[in-house]
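Colleague: have a look at this fold, sequence not included:
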């Protein structure tokens, strides 16, 4: 199937992009890598009348600040793999990138495009929620910041309004040594995840200082387990009952079944992936301690 008719526009700078998006309103969409938007258009699940190409804009940088790492909306997925800041501060994100589809898509797909698309099974939205990131949204009216847990409002639904676009994401830098891991299972490598789990820890003296666990694919948005996370704080890294944490985390979800997996299978998978991912995160922290 081919997409419905549309007009193509290339933004010369950020202000020009804002002007075009404001002019087109609900009928306009920014275009970066196109790895999510174009397939949706080919299936006619998305029918924008105007595409605003933003690839010439200066939104493709990593900027390390005192308290956070800012990642531009046009940073491509493959760029996380060898980035020293990702390896040092956000190890679960570094692992998650390897699960994003296939090499060609990782080469062209962008951070802004992924999170604006808001697929419930996508890795980068889950990582934004795991690391308490803030999404920066720009328009002619200026910039506004939205916490990741408020940004994703449903399957393919976000806080971005007509005339706006994602320009960057701020990831808070951990205050203590970090450790983390990510796991997911799909029918094949590169397929949509049946479920995914990310774990981010900080530690001091062999004890967990902060903990975060996120699940993707179980609900319409990435979901955390704040009560379970709180119970992990203060635990010795070598004494965490990962089996019990996995069972408790899975119990909080009521996933639906689909062509890929039954509801019961997906629920059991969440528990098993949580156990294994937490074990790996704790092992990494112990090695670094």
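Modeller: In hand now; what should we look at? Everything numeric in this text was worked out from a predicted model, so none of it was measured.

Colleague: what segments of the stretch 1-150 of the chain are strands?
Modeller: Per DSSP state E, counting those that start in this stretch, the stretch 1-150 of the chain carries strands over the ranges 7-10, 28-31, 50-53, 62-64, 68-72, 134-139, 142-147.

Colleague: just list the residues touching the closest residue to residue 20 other than its chain neighbours, thanks.
Modeller: Among residues not flanking residue 20 along the chain, residue 52 sits closest, at 4.8 Å (C-beta to C-beta, 6 or more residues apart in numbering). In short, each C-beta sits where N, CA and C put it, glycine included. Neighbour list for residue 52: 9, 10, 11, 17, 20, 21, 24, 28, 29, 30, 31 [criterion: C-beta atoms under 8 Å, 6 or more residues apart in numbering].

Colleague: now, of the residues you listed, which are buried?
Modeller: Buried residues within these, counting neighbours by 16 or more other C-beta atoms under 10 Å: 9, 11, 17, 20, 21, 24, 28, 29, 30, 31.

Colleague: can I get those in a markdown table with pLDDT and distance to residue 140?
Modeller: Putting the buried ones among the contacts of residue 52 into a markdown table (pLDDT from 0 to 100; distance: C-beta to C-beta, whole Å) gives the following:
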| residue | pLDDT | distance to residue 140 |
| --- | --- | --- |
| 9 | 97 | 16 |
| 11 | 97 | 13 |
| 17 | 97 | 10 |
| 20 | 98 | 10 |
| 21 | 97 | 8 |
| 24 | 96 | 12 |
| 28 | 96 | 13 |
| 29 | 95 | 16 |
| 30 | 96 | 14 |
| 31 | 95 | 19 |
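
Colleague: distance to residue 183 added to those residues, as a markdown table?
Modeller: Shown next, in a markdown table, are those (distance: C-beta to C-beta, whole Å):
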| residue | distance to residue 183 |
| --- | --- |
| 9 | 41 |
| 11 | 38 |
| 17 | 37 |
| 20 | 41 |
| 21 | 37 |
| 24 | 40 |
| 28 | 38 |
| 29 | 32 |
| 30 | 32 |
| 31 | 32 |
